[in-house]
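J.: coords below, sequence missing:
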């Protein structure tokens, strides 16, 4: 069966201004009518969409640079029984405060790995991702009940969000954001829901990942929609508008208060502000940079497709429909603007924008579909759109079927740089110990493999631990040709690890204060050429430093 949307085709029995907003919206809510499409075809399409969406969650099994740190830190918190611990992993962190705002997700990642290894990590990711996709499905169905409309939207958006489902605390943000949207949109459509569950959920969310700020933003955005909605029903009746929007206003204040229920308390907000305004993120870190249509995985291109479909659906709805649930089509389109701007400015926000756009796209598409003429070119357009929208998810499903084994690939991380597996194996086989000046994106991997024999200068904790000046020092050293070659020496480093693509590498090779003792064409390891390291230099000159015998592993198993 298909459902007509809450489109204002029929006015309520008495003037809108005399109704409460709940009564007015209820009068305009969907009513069922005979299905246009064959029921068996709809069911088949729904099953295919569900299977492909679930496979999409399993597809991404790549160890990005953050995984190793999350496992190591989660183990530390679990074994210590506290998150208020001094950082033992970096030699540059003495006396610094560690804002462990992701401690709960790190503990969950560690326990999953400790209990079941790689399979445990994959299972945790698939459970969180599977629930997220199910909630996404429920949210999309708020706006559409015709499978030819909602099924391709589900496939495209599930595939797009799943591309960011790596083994990181962000997966919990995707889950909680999807739950927030489902509950908030149900409230917008006057369906039975429980707003009171959101503040406790946000308190939990704030202890899992800093993305909880997106939940607060979602409440604020839906509050703005409800203000417009109430104005549509009551015009300038301020008392009625306050009555209709008061639950969301109270909810917004309660969610802000709930965000303080973390070990950091109110200090979590200054930290988030520092992270969001960190100039080095958008300059040097790929996921903080604008959408790249040619990037591996085609996430940017898929999001562009989603945005184009949203604009097309809005254009059709704007021509044929007056209002949808008390809001004009352009109001719904405008609601997508904040997160879309954030996504175009920074790829890391694509999943959140996708989760918001998906139900709005379904809403607008269903409205335009229901209002189409008896004979319309939209039938052909829908078929073409379905094929295009399904392709990314189908390709992902093919990749998953071709490699179904529960393994995590190590070779290439999310930044396009390989893990320094050979250099790590070299240090281990030669029992090298000391302080290593390392790229931030390699620091966690060294900590996972070599701690406590090796301490790193930096890792991907960035401003949760390290001052902005230290973060900038490392980013400049490993990304700029005119970087300060004295930086590793000023930190009293024993070793210097550099990617082969580092612009400053020729200057370091020419510096007699460093001697290269390992080079596999991907990572180069230098040791200080001074008396304190004479024993290592002697072993290097006499050929006593052993080379790793086995090739680096491709999989983390």
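T.: Received the coordinates, thanks. Since the model is a prediction, treat every value here as computed from it, not as a measurement. Numbers count the residues shown, from 1 in each chain.
J.: Next, the buried residues of stretch 67-85.
T.: Residues of stretch 67-85 classed as buried by neighbour count (16 or more other CB atoms under 10 Å): 67-78, 83. (Each C-beta comes from the backbone N, C-alpha and C, glycine too.)
J.: ok, residues contacting it?
T.: The contact list for stretch 67-85 (CB atoms under 8 Å, 6 or more residues apart in numbering) reads 88-89, 98, 100, 102-103, 105-111, 113-114, 166-169, 263, 408, 443-445, 447-449, 451, 459-461.
J.: now the helices for the stretch 251-400 of the chain?
T.: For the stretch 251-400 of the chain, the helices defined by DSSP state H, counting those that start in this stretch cover 268-276, 279-284, 299-320, 329-335, 337-345, 350-370, 378-402.
J.: and of those, who's closest to residue 523?
T.: Proximity of the helices of the stretch 251-400 of the chain to residue 523 was assessed by CB to CB; the nearest stretch is helix 279-284, lying at 18.5 Å.
J.: other SSEs contacting the closest one?
T.: helix 468-479 (3 or more CB pairs under 8 Å, 6 or more residues apart in numbering; DSSP states H and E).
J.: Now do the helix it packs on, average pLDDT.
T.: For helix 468-479, mean pLDDT is 94.
J.: Let me see the contact set for the closest residue in space to residue 183 that isn't next to it in sequence.
T.: Of all residues not flanking residue 183 in the chain, residue 193 sits nearest, at 5.2 Å (CB to CB, 6 or more residues apart in numbering). Applying CB under 8 Å, 6+ apart to residue 193 gives the contacts 183, 186-187.
J.: From residue 172, how far off is residue 197?
T.: The spacing between residue 197 and residue 172, counted by CB to CB, to the nearest Å, is 16 Å.
J.: Compare those two (neighbour count), which wins?
T.: It is residue 172, of residue 197 and residue 172, that has more neighbours when counted by other CB atoms under 10 Å, with 22 against 12.
J.: The residue nearest to the more buried one when sequence neighbours are not counted in helix, strand or coil?
T.: Once flanking residues are discounted, residue 172 sits nearest to residue 208: 4.2 Å by CB to CB, 6+ apart. Secondary structure, DSSP: H, G, I helix; E, B strand; the rest coil: residue 208 is coil.
J.: circling back to that earlier point, per-residue confidence at the residue nearest to residue 183, what does it come out as?
T.: Confidence at residue 193, expressed as pLDDT, is 89.
J.: just residue 269 next, same as before
T.: Looking at residue 269, its pLDDT is 90.
J.: Residue 340 now?
T.: pLDDT recorded at residue 340 is 95.
J.: check contacts around it.
T.: When contacts are counted by CB under 8 Å, 6+ apart, residue 340 touches 307, 353, 357.
J.: Please apply the same query to residue 548.
T.: Applying CB under 8 Å, 6+ apart to residue 548 gives the contacts 422, 425-426, 429.
J.: helix/strand/coil for residue 452?
T.: Looking at residue 452 with three-state DSSP, the answer is coil.
J.: Please report how far it lies from residue 435.
T.: Distance from residue 452 to residue 435, counting by CB to CB: 12 Å.
J.: One more: residue 316?
T.: According to CB to CB, residue 316 and residue 435 sit 62 Å apart.
J.: The residue nearest to residue 183 belongs to a helix?
T.: No - Residue 193: not assigned to a helix; according to three-state DSSP it is coil.
J.: mind listing which of the contacts of stretch 67-85 are in strands?
T.: The strands, defined by DSSP state E, take in residue 408 from the contacts of stretch 67-85.
J.: Which among the contacts of stretch 67-85 count as buried?
T.: Buried subset of the contacts of stretch 67-85 (neighbour count, 16+ other CB under 10 Å): 89, 98, 100, 102-103, 105-110, 113, 166-169, 408, 443-445, 447-449, 459-461.
J.: out of the residues you listed, which are inside helices?
T.: Applying DSSP state H to these, the entries found in helices are 103, 105-110, 113, 443-445, 447-449.
J.: Export those as a markdown table, with columns for distance to residue 227 and pLDDT.
T.: What follows is those, written out as a markdown table (distance: CB to CB, whole Å; pLDDT from 0 to 100):
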| residue | distance to residue 227 | pLDDT |
| --- | --- | --- |
| 103 | 37 | 94 |
| 105 | 34 | 97 |
| 106 | 39 | 97 |
| 107 | 40 | 97 |
| 108 | 38 | 97 |
| 109 | 40 | 97 |
| 110 | 44 | 97 |
| 113 | 46 | 96 |
| 443 | 46 | 94 |
| 444 | 44 | 94 |
| 445 | 48 | 94 |
| 447 | 49 | 96 |
| 448 | 49 | 94 |
| 449 | 54 | 94 |
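J.: Quickly note the distance from residue 388 to residue 94.
T.: 55 Å.
J.: what's the burial count for residue 530?
T.: Using other CB under 10 Å: residue 530 sits among 12 other residues.
J.: what's the answer for residue 514, then?
T.: Residues lying near residue 514 (other CB under 10 Å) number 22.
J.: again with residue 253
T.: By other CB under 10 Å, the residues close to residue 253 number 12.
J.: what about the helices in the stretch 451-557 of the chain?
T.: With DSSP H, counting those that start in this stretch as the criterion, the stretch 451-557 of the chain has helices spanning 468-479, 487-490, 505-509, 534-541.
J.: Give me the pLDDT value at the residue nearest the centre of the chain.
T.: The chain has residue 170 as the residue nearest its centroid, 4.8 Å off, counting by CA atoms, centre = their mean. We have a pLDDT of 94 for residue 170.
J.: same thing with residue 104?
T.: pLDDT for residue 104: 96.
J.: and the helix or strand containing residue 215, what other elements does it pack with?
T.: Here residue 215 is covered by helix 212-234, with elements defined by DSSP states H and E. Where contact means 3+ CB pairs under 8 Å, 6+ apart, helix 212-234 is packed against helix 21-27, helix 170-188, helix 198-206, helix 238-258, helix 329-335.
J.: Make JSON lines out of those helices and add distance to residue 151.
T.: As requested, those are exported to JSON lines (distance: least, CB to CB, whole Å):
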{"stretch": "helix 21-27", "distance to residue 151": "27"}
{"stretch": "helix 170-188", "distance to residue 151": "18"}
{"stretch": "helix 198-206", "distance to residue 151": "28"}
{"stretch": "helix 238-258", "distance to residue 151": "31"}
{"stretch": "helix 329-335", "distance to residue 151": "21"}
